[in-house]
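A.B. asks: Dropping the sequence and predicted coords here.
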Amino acid sequence: MRLFWILAAAMACLAAVASASPAPRPDNFFKELELFAQRIRHTIETLGPAVDVFMKGRALIRGDDIDEDD
């Protein structure tokens with residue numbers, strides 16, 4: 001009788017796992033990948049001026065000579 005309840009519980013767990021739907025997949029994986037890369041590229045381009053300001057501030061604190069032409 002104990003074996004019956006163990007098998008019944010195992011079957012119930014198996015049925016619950018089998019009926020669960022997986023996470024939705026994108027329709028076009030490569031398009032999603034391209035959009036992800038585009039967002040990263042845009043973020044890097046946007047952060048460029050902020051990094052320049054940070055580097056100039058660090059140079060001022062260290063007492064280095066700042067070249068304004070770069």
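C.D. replies: Sure thing, it's come through.

A.B. asks: which one's the longest helix in the protein?
C.D. replies: Determined from DSSP state H, the single longest helix within the chain is helix 29-62.

A.B. asks: I'd like the mean pLDDT over that helix, please.
C.D. replies: Averaged across helix 29-62, pLDDT comes to 88.

A.B. asks: Which residue lies nearest the spatial centre of the chain?
C.D. replies: Phe36 (9.0 Å; C-alpha atoms, centre = their mean).

A.B. asks: In contact with that one, which residues?
C.D. replies: With C-beta atoms under 8 Å, 6 or more residues apart in numbering as the criterion, no residue contacts Phe36. C-beta: built from backbone N, CA, C; applies to glycine.

A.B. asks: For Arg58, see how far away it is.
C.D. replies: According to C-beta to C-beta, to the nearest Å, Phe36 and Arg58 sit 31 Å apart.

A.B. asks: likewise Cys13?
C.D. replies: 58 Å.

A.B. asks: just Lys31 next, same as before
C.D. replies: 40 Å.

A.B. asks: what does Ile40 give?
C.D. replies: 25 Å.

A.B. asks: go on, Ser19?
C.D. replies: 57 Å.

A.B. asks: more neighbours, those two?
C.D. replies: Counted by other C-beta atoms under 10 Å, Ser19 and Arg58 do not tie: Arg58 has more neighbours, with 10 against 7.

A.B. asks: separation between the residue nearest to the centre of the chain and Phe29?
C.D. replies: 10 Å.

A.B. asks: same thing with Leu47?
C.D. replies: 27 Å.

A.B. asks: how many other residues sit next to Ala59?
C.D. replies: There are 13 residues near Ala59, going by other C-beta under 10 Å.

A.B. asks: Equivalent analysis for Leu47, please.
C.D. replies: Going by other C-beta under 10 Å, the residues that sit close to Leu47 add up to 11.

A.B. asks: State the distance from it to Arg41.
C.D. replies: Counting by C-beta to C-beta, the gap from Leu47 to Arg41 is 11 Å.

A.B. asks: Now find how far off-centre stretch 46-63 is within its chain.
C.D. replies: 27 Å (C-alpha atoms, centre = their mean, to the nearest Å).

A.B. asks: All good on my end, thank you.
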